[in-house]
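Enquirer: The sequence and its predicted three-dimensional model are supplied below.
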Amino acid sequence: MLAWAALLAFAAVVPTLLASNYQLFQLTMVAVYAIAILGLNIVTGFNGQISLGHGAFFAIGAYVTAILMSNYDWPYWLTLPVAGVACGVVGYLLGFPALRLGGLYLALTTLALAVATPQLLKYKLLEDWTGGVQGVTISKPDPPFGLPLSQDQWLYLFALAVGAVLFLLTANLVTGRIGRAMRAIRDHPLAAEAMGIDVAQFKTRTFAVGAALTGIGGALDAVAVQFVSPDSFGSFLSIVLFVGLVVGGVGSIPGTILGAVFIEFVPLVAQGISDAAPGAVYGAILIAFLFLLPSGVAGMLRSGWTRLAKTANAIKR
Amino acid sequence: MNRRSFLLSATGIAAGIAAPRLVRADAPGVTATDIKIGNTIPYSGPASSYGAIGRGLTAWWKMINDGGGIGGRKITFISYDDGYVPAKTVEQVRRLVEQDDVSFVLNPLGTPSNTAIQKYMNTKKVPQLFVATGADKWGNYKEYPWTIGWQPSYRTEAQIYAKYMQETIKDPKVAVLYQNDDFGKDYLIGLKDALGGKYDNVVVKTVSYEVTDPTIDSQAITLQGTGANVLVTAATPKFAAQMIRKIFDINWKPTHFMTNVSVSVGSVITPAGPEKAVGMITAAYDKDWTDPNFKQDAGMLKWLAFMQKYMPDADLTDANYVYAYGVGTTTAQVLTQCGSDLSRENIMKQAANLKDLEVPTVLPGIKINTSPTNYHPIRQMQLQKWNGKAWELFGSVIAGADV
Amino acid sequence: MQGLLHQLISGLTTGGIYASLALALVMIYQATHHVNFAQGEMATFSTYIALTLIEAGFPYWVAFALTLVTSFAIGAVIERVLMRPMANAPVLASVGIFIGLLLIFNSVTGWIFTYTLRPFPSPFGEGAPLLGGLVSRHEAGSAGVTLAVLVLVFLFFRFTKVGLAMRAAALNPVSSRLVGVRVGRMLALGWGLAAAIGAVAGMMVAPVVFLDPNMMGGVLLYAFAGALLGGITSPVGAVVGGFLVGVMENIGGAYIVGTELKLTIALIIIVAVLVLKPSGLFGRVVVSRV
């Protein structure tokens, strides 16, 4: 616990002082993706419901923030909980049909949702609010209380704070009774039901929580990028979140941060290899991880850590 | 003359000689030997066919460098992929401006992508030069003085079609097929602007399609059912070709206006079937390499030589390379006009100071003109009709402003 | 009224496209109980192979046959190398591999063959269209090909030993092995056949929609909807489902919700089928005992 607090303090202080505005922007995006993948991890990693459509919740969160900020002049920090609640409600409602669908079919249906999302966002009845294909521009927030920080520095600290809070809450959730129930449903649904767990309620609520988290990530994304439009939220986004989940480590909370780092920085590397092939690089890395490191980077680090601890113990004796 | 004044004047002369090589401190992205230019374009994702523009521009600057650069400086052209995702465009442009220290960003592609970065570029006072989209709003020099367009806007194109239609067709009834994204919707806005109050009377039906739709057969049938006698198609090449073929097959013969984006002989007309597109009208500003009319044209031969030397494996029927050549030529002119002052202010000033620039790949009679109150470099187009074998230019070069 | 009839007929021809890809999806499901998300991209890749062969001078049907063989090989190799080690892994791993394959095939196709639109020749001639221009010669011909493939698939699964063995291997690998079925071989065979059927679908679709790397992107979703609607265990169902989805999409787009919500129609079909009647119209209901 202390280690995490120290890490958080380090993450808050060092980049703010040393990193350039652009680098802080990149780190803010890491925080955004980390929160988004966290939501996906809850649903898929901890509860076993494969979602290839989480980009839809990201989009809803982003648009809620954009609309509230640009049409109604809400302050950015107030839009975040609203985005979360809105996505939670949508997630809960989507959780019901999801109950009837098993692994593969759920994946397929959520993929269909991801593909349909941009079209829904462009729909003309909603155009007055969503700005249609032209999108919505919002302004970047200034640091409050006249703090001597640049906008990027403030936004980074804000995202870090939001992320830290959400991670803490989620960690609490999954290590407790509820988390055990979620994992039981993932690993052996029949046994879980036999033991008295209300599978249906758990699954829908999990979907709601996962959606809410990703929605908050989307809201932060809107504030950071200052622009939302339907084309930002196509099916590729959902697939990228999924890749981040697998690479970081399915069912691992720290893993989501690693997955976010991966998503944010790998395209830069991929571009060096070939312009047209970021998709291929994602695909190849995804498959490689599934084969070689199925528990993701987090799993590899954990087993490495365990081995180190064992060796240390053996040496002690 | 005493020694002091001699020394003073000698120093003055020396300083004057040295001055062109000294770089002003406020010319970011520029050194004594180098100018850095940034660019974002979709190399991946659904709009990746436009990646050819980025490749074309990269080859263009290589050619310029091989010829000694501009004003003694070589160009470093940095082009990043944004996958046509505006959030990504923001990220890449910030990287170009804040990390790579480019002088300006050239020809970023896509209306939402450019909308996403417009405020940033104008706040940071970095030129957003010759954006690769036809939306009309890029000429807004009052609010966004650092953003300038290049190609004729879709609104200009729609105005030209509307005028021609009203002059030559008795009682026009217009049906529109448009792509459900910024490109297609811009067209609709252009038509609405052009027709004004008459829009509701004249336009009987507008139907959209998604890039993910396999075919537009259903839309074609719906439009035919309206009995319209004019069709405006705002579609990208794949769907344009399908539309041309379909309306021929279902025996519907409206006066067909095709968006300038999809008139390449190689990419659209040949797949659709040249005999099926007879009578189709478009407004053009670029020369089409696959058009037999231009095989011996001096400007296009220049372009061909460029392609053969710097992009030997490229598909010559891809109109994107002609487009890139035009943008490159215009930019080179701007940089040459800057002379020794390559500050961002001056680059923007010269970009808004182009007088009657002729580009080898642009139709004869169409010249590039900009001024501090005119941020639409190309406002002229010429109508052309497909005769089954080639595009026939007709009428005269029409200026959008006069319409 | 005439407009409605036209939309119906047009819906059937578009539905033919969906039906042909839906058959490939059914094949892979019958053989492996997996639905391969990358089937469309593999089909596009196969179609590009065919185009390369044709442009190199091979006559159409020779190129057709060679493409089928190549696609079969690719499918079998993928099964062997990627899917076999994942046989006992959770569903998440298989889904991940399909997504990975989708990304790789899509990117590689674009990278090798560029994104310019290419026309693809049709073996049925470019003559005058039928039915008042609503159905081109090719569309009629390809509907015929789809039905022919359907008959072959149906006969294969119903009346041949291999077909039966394949279904058994997918349904219950352990018991099948005990009975002597070479499960591994059946899986590879299934993947190969699905890839080949996908190639046929691609070559039938390309003359209609023109060939580009993203050709099958939209088709895949509708093909899924069709396969699910008809019943993913039934070849006949998949084809019927494909045609039905084509009609529903057309009629819905033209008269009910407008063309701006067509993808949503597909999504709603998928959700409705899976929630209300997961086995589809013609599929078998599978009861699993606890």
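Expert: Perfect, I can see it now.

Enquirer: What is the neighbour count of the spatially closest residue to B:L96 that is not a sequence neighbour?
Expert: Spatial nearest neighbour of B:L96, chain neighbours left out: B:G38 (3.4 Å); criterion: CB to CB, 6 or more residues apart in numbering or on different chains. C-beta coordinates here come from the backbone N, C-alpha and C atoms, glycine included. Each residue near B:G38 was counted by other CB atoms under 10 Å in any protein chain shown, and the total is 26.

Enquirer: ditto for A:A34
Expert: There are 29 residues near A:A34, going by other CB under 10 Å.

Enquirer: How about residues contacting stretch B:49-56?
Expert: Here stretch B:49-56 makes contact (CB atoms under 8 Å, 6 or more residues apart in numbering or on different chains) with A:275-276, B:39, B:41-44, B:79, B:81, B:107, B:109, B:132, B:237, B:311, B:314-315, B:318, B:320-321, B:323-325, B:327-328, C:115-116, C:212.

Enquirer: May I see the ChimeraX selection of the buried members of those residues?
Expert: Buried residues among these (16 or more other CB atoms under 10 Å in any protein chain shown), as a ChimeraX selection:
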select /A:275,276 /B:39,41,42,43,44,79,81,107,109,132,237,311,314,315,318,320,321,323,324,325,327,328 /C:115,116,212
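
Enquirer: Just the ones of the contacts of stretch B:49-56 in helices?
Expert: Using DSSP state H, the subset of these located in helices is B:P237, B:N320, B:Y321, B:Y323, B:A324, B:Y325, B:V327, B:G328.

Enquirer: how far away is the nearest residue to C:L8 once chain neighbours are set aside from C:G253?
Expert: Excluding the flanking residues, the one nearest C:L8 by CB to CB, 6+ apart is C:V247, at 6.1 Å. According to CB to CB, to the nearest Å, C:V247 and C:G253 sit 11 Å apart.

Enquirer: I figured C:L187 hits C:M86, correct?
Expert: No - with contacts counted by CB atoms under 8 Å, C:L187 stays clear of C:M86, the gap being 11.1 Å.

Enquirer: more crowded one of those two?
Expert: Under the neighbour definition other CB under 10 Å, C:L187 and C:M86 were set side by side, and C:L187 has more, 24 against 18.

Enquirer: thinking again about what came up before, residues in contact with the residue nearest to B:L96?
Expert: Contacts of B:G38 (CB under 8 Å, 6+ apart): B:I78, B:S79, B:Y80, B:V93, B:L96, B:V97, B:D100, B:V102, B:F104, B:V105, B:L106.

Enquirer: For the residue of the stretch 151-290 of chain C found nearest chain B, which non-adjacent residue is closest in space?
Expert: Closest approach between the stretch 151-290 of chain C and chain B, counting by CB to the nearest CB: C:G218, at 3.4 Å. Of all residues not flanking C:G218 in the chain, B:T212 sits nearest, at 3.4 Å (CB to CB, 6+ apart).

Enquirer: quick one: the one you found and A:A114 touch, right?
Expert: No - with contacts counted by CB under 8 Å, B:T212 stays clear of A:A114, the gap being 11.8 Å.

Enquirer: Which of the two has more residues huddled nearby?
Expert: Comparing B:T212 with A:A114 by other CB under 10 Å, the one with more neighbours is A:A114, at 26 against 23.

Enquirer: hey, C-alpha coordinates of the strand or helix carrying A:A314 in PDB?
Expert: In the assignment (DSSP states H and E), A:A314 maps to helix A:296-316. Written as PDB, here are the backbone C-alpha positions of helix A:296-316 (Å, rounded to 0.1, in the frame of the first residue of the first chain):
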ATOM      1  CA  GLY A 296      -0.100 -10.100 -19.800                       C
ATOM      2  CA  VAL A 297       2.800  -8.000 -18.800                       C
ATOM      3  CA  ALA A 298       1.400  -7.800 -15.300                       C
ATOM      4  CA  GLY A 299       1.400 -11.600 -15.000                       C
ATOM      5  CA  MET A 300       4.900 -11.700 -16.200                       C
ATOM      6  CA  LEU A 301       6.000  -9.100 -13.700                       C
ATOM      7  CA  ARG A 302       4.100 -10.800 -11.000                       C
ATOM      8  CA  SER A 303       5.700 -14.200 -11.600                       C
ATOM      9  CA  GLY A 304       9.000 -12.600 -12.000                       C
ATOM     10  CA  TRP A 305       8.500 -10.900  -8.600                       C
ATOM     11  CA  THR A 306       7.400 -14.100  -7.000                       C
ATOM     12  CA  ARG A 307      10.400 -15.900  -8.300                       C
ATOM     13  CA  LEU A 308      12.600 -13.100  -7.000                       C
ATOM     14  CA  ALA A 309      10.900 -13.200  -3.600                       C
ATOM     15  CA  LYS A 310      11.400 -17.000  -3.500                       C
ATOM     16  CA  THR A 311      15.000 -16.700  -4.400                       C
ATOM     17  CA  ALA A 312      15.500 -14.100  -1.700                       C
ATOM     18  CA  ASN A 313      13.800 -16.300   0.900                       C
ATOM     19  CA  ALA A 314      16.000 -19.300  -0.200                       C
ATOM     20  CA  ILE A 315      19.100 -17.200   0.200                       C
ATOM     21  CA  LYS A 316      18.000 -15.900   3.600                       C
END
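
Enquirer: is chain C contacted by that helix?
Expert: No - Helix A:296-316 stays clear of chain C (CB under 8 Å from any CB of the partner chain), getting no nearer than 11.1 Å.

Enquirer: What are the contacting residues of that helix?
Expert: So helix A:296-316 is contacted by A:245-250, A:252, A:254-255, A:258-259, A:262, A:289, A:293, A:295 (CB under 8 Å, 6+ apart).

Enquirer: B:A175 belongs to a strand?
Expert: Yes - using DSSP: H, G, I helix; E, B strand; the rest coil, the assignment for B:A175 is a strand.

Enquirer: for it, what are its contacts?
Expert: B:V203, B:V204, B:K205, B:T206, B:V207, B:L223, B:T226, B:A228, B:V230, B:L231, B:V232, B:P254.
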